[in-house]
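S.K.: Output the structure for:
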Amino acid sequence: MKILVVTQYFWPESFIINDIVRHLHESGHEVVVATGKPNYPEGKFFSGYRFGGTQRERYLGKIEVLRVPLYARGAGGVKNLILNYLSFVLFGLVCFPFMLRKRKFDAIFVFAMSPLTQAIPAIPLKYIKRAPLTVWVQDLWPESLAATGYVKSKFALRVAGAVVKGIYAFCDKLFVQSKAFFDPVARYASRDKIVYYPNSIDATPVVSSSSIPDELIQLLEQNFCVVFAGNLGTAQALDTVVQSAISLRDEPGIRLVLVGTGSRFAWLQEQKVLHRLDNLILPGRFSMDMMPQVFERAGALLVTLNADEIFTQTIPSKVQAYLASGRPIIACLNGEGARVVVEAGAGIATPAEQAGALVETIQRMRAVGKDEREKMGRSGRAYFEAHFDMRHQVQSLAEMLKKSGVKE
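M.R.: Residues are numbered from 1 along each chain as shown. Below is the predicted model:
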C-alpha cells in the first residue's frame with residue numbers, strides 16, 4: 001500500500017507514530033509523512049530546524065518526510081498553543097497539496113493527538129488524492145480542552161465541538177485508542193465509523209549509545225524509587241505527586257523520580273525548593289532509547305492523571321510502555337487505564353488525585369517485596385504481548401486501512 005501519514009508530531013519528537021511508520025515501511029508499504037517542524041516538548045525547534053520554509057528529508061534514511069512551517073509552542077500558554085495549532089493547519093492546507101503533487105496514495109492516516117485540528121490539512125488531500133481518510137483519535141475534543149483548563153468559555157467549547165463534528169464528517173473511519181472512547185466520539189460522528197485500535201509500543205530491545213548519569217544510577221539502585229516518565233503537564237495530577245512527596249519526606253529510602261519535562265516542570269522545581277523535598281527527583285528528559293536504563297532500576301513505575309471524567313476514558317500511552325518494561329506499576333488514575341493495570345495483574349491501582357491513598361499504595365508496593373513485584377512485572381509483560389505488541393498491531397493497521405474506503 002501507499003500510505004500518507006499526516007501528523008503534527010513526528011521524529012525527532014518522541015511519539016509512537018515514529019515506530020508505527022517504521023514498521024509499516026519494514027512490512028513493505030510505501031509511507032510518506034506530512035508533518036511540521038519539531039519543537040515538542042521543549043517549545044523550541046530542534047537543532048537544524050527553523051520556522052521558515054518547507055523541508056524534505058528522510059526518516060532513518062529511507063522514509064520520505066515533508067515538513068511545513070510551524071509556530072513553536074514556546075514556554076506554553078494558551079496564545080502560544082493556539083498559534084502552534086493554527087500554523088500547522090494553515091501551512092498544511094497551503095503547502096501539502098503542492099509538496100505532494102502528482103503523488104498517489106491508497107490511504108491517508110492521521111495520528112490525532114491533541115490538537116484534533118491537525119486533521120484539517122488531510123481533508124482536501126482526501127479529495128485531491130481520492131484516498132480514504134482515517135483519523136486515529138488519541139484525545140477527546142472538546143472535552144479535554146475543558147478538563148485541562150485551556151478553554152473555559154462555554155461558547156468556545158461549543159465552537160470546538162462543531163469543529164470536531166465537521167472534521168469527523170469528512171472521515172471514512174475513526175480509530176479510537178480506548179473502548180471507552182466509543183460513546184464520546186459517537187456524539188459527534190456516526191457510530192459505524194468508529195473502530196477500536198489501541199496504542200502499541202515497540203518493545204524491541206535497543207542498546208543506547210548513551211548512559212544515564214552515574215548519580216541517577218546510584219540513586220535508583222540505593223533507594224526504592226517510584227519512577228514517573230513522560231510529559232509533566234496539567235493533566236498529570238502533579239499536585240497529588242507533590243503532596244505525596246511531602247507526606248513521604250521523612251520516610252527513608254523512598255524517592256519519587258519524575259523523568260521528563262513539560263509545562264509544569266518549573267512549578268515542580270519551585271515546589272521541591274519550597275517544601276525541601278529531597279525525595280522528589282527531577283532529572284529532566286532522556287531519549288527513549290535511554291529509558292530502559294531507568295525502568296530496569298525502578299522499584300515501581302507511576303502513572304497519574306487528573307480525576308476529570310474525560311481521563312477515565314483514556315489509556316495513557318505510558319501504560320503500554322510500562323507494561324512492556326516488565327516492571328510493577330502504580331496507577332493513580334480512574335477508569336480504563338487503571339482497569340488495564342489491574343486486569344493485567346501488573347500492579348496496584350489507586351484513585352486519582354488522592355494523595356493519601358497514593359502514599360499508602362507506594363508504601364504497600366515497597367512492602368510486598370521484590371519477588372512479588374517481579375511477578376507483577378512478568379504478568380504485565382505477558383499482557384502487553386497479548387494485547388499491545390506493535391508488530392501485530394501494525395499488521396492489523398495495514399489491513400484496516402486497506403478496508404477503510406470500503407462501504408459496509
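S.K.: okay, CA-based contacts and neighbour counts for the rest of this
M.R.: OK.
S.K.: Need the residue closest to the centroid of this protein.
M.R.: Ser317 (5.0 Å; C-alpha atoms, centre = their mean).
S.K.: How about that one, nearest residue that isn't a chain neighbour?
M.R.: In this structure, Ser317 finds its nearest non-sequential neighbour in Asn199, 6.4 Å apart by C-alpha to C-alpha, 6 or more residues apart in numbering.
S.K.: Double-check that neighbour against Lys318; I have them as touching.
M.R.: No. In this structure, Asn199 is not within contact of Lys318 by C-alpha atoms under 8 Å, at 9.7 Å.
S.K.: Settle it for me: which of the two has more neighbours?
M.R.: Asn199 (25 against 20; other C-alpha atoms under 10 Å).
S.K.: Now do the same contact list for the more buried one.
M.R.: By C-alpha atoms under 8 Å, 6 or more residues apart in numbering, the contact list for Asn199 reads 16, 177, 317, 320, 388.
S.K.: Just put those in JSON lines and tack on distance to Lys44.
M.R.: Formatted as JSON lines, those follow (distance: C-alpha to C-alpha, whole Å):
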{"residue": "Ile16", "distance to Lys44": "21"}
{"residue": "Gln177", "distance to Lys44": "29"}
{"residue": "Ser317", "distance to Lys44": "24"}
{"residue": "Gln320", "distance to Lys44": "28"}
{"residue": "Phe388", "distance to Lys44": "32"}
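S.K.: so what pLDDT did the residue nearest to the centre of the chain get?
M.R.: We have a pLDDT of 84 for Ser317.
S.K.: where's it relative to Ala324, distance?
M.R.: Distance, Ser317 to Ala324, using C-alpha to C-alpha, to the nearest Å: 11 Å.
S.K.: mind listing the helices for the stretch 1-150 of the chain?
M.R.: Using DSSP state H, counting those that start in this stretch, the helices of the stretch 1-150 of the chain run over 16-26, 78-99, 122-129, 143-147.
S.K.: where does the chain dip in pLDDT?
M.R.: The chain contains residues with pLDDT under 70 at 76, 147-152, 405-408.
S.K.: in it, which spans are strands?
M.R.: With DSSP state E, the ranges of strands along the chain come out as 2-6, 30-36, 55-59, 63-68, 107-112, 133-137, 173-176, 194-196, 224-229, 254-259, 280-284, 300-304, 329-332, 347-350.
S.K.: How far does the shortest one sit from its chain's centre?
M.R.: When distances are taken as C-alpha atoms, centre = their mean, to the nearest Å, strand 194-196 is centred 19 Å away from the chain's centroid.
S.K.: With the fifth one instead?
M.R.: Distance of strand 107-112 from its chain centroid, counting by C-alpha atoms, centre = their mean, is 16 Å.
S.K.: What distance do you get for the residue nearest to Phe170 when sequence neighbours are not counted to Pro115?
M.R.: Once flanking residues are discounted, Phe170 sits nearest to Ile123: 6.7 Å by C-alpha to C-alpha, 6+ apart. Remark: distance between Ile123 and Pro115 (C-alpha to C-alpha) = 15 Å.
S.K.: returning to that earlier point: what's the most buried one of the strands of the chain?
M.R.: Highest mean neighbour count among those (mean count of other C-alpha atoms under 10 Å): strand 329-332, with a mean of 28.
S.K.: Direction included, what does it pair against?
M.R.: The strands that strand 329-332 pairs with in its sheet are strand 300-304 (parallel), strand 347-350 (parallel) (by DSSP bridges).
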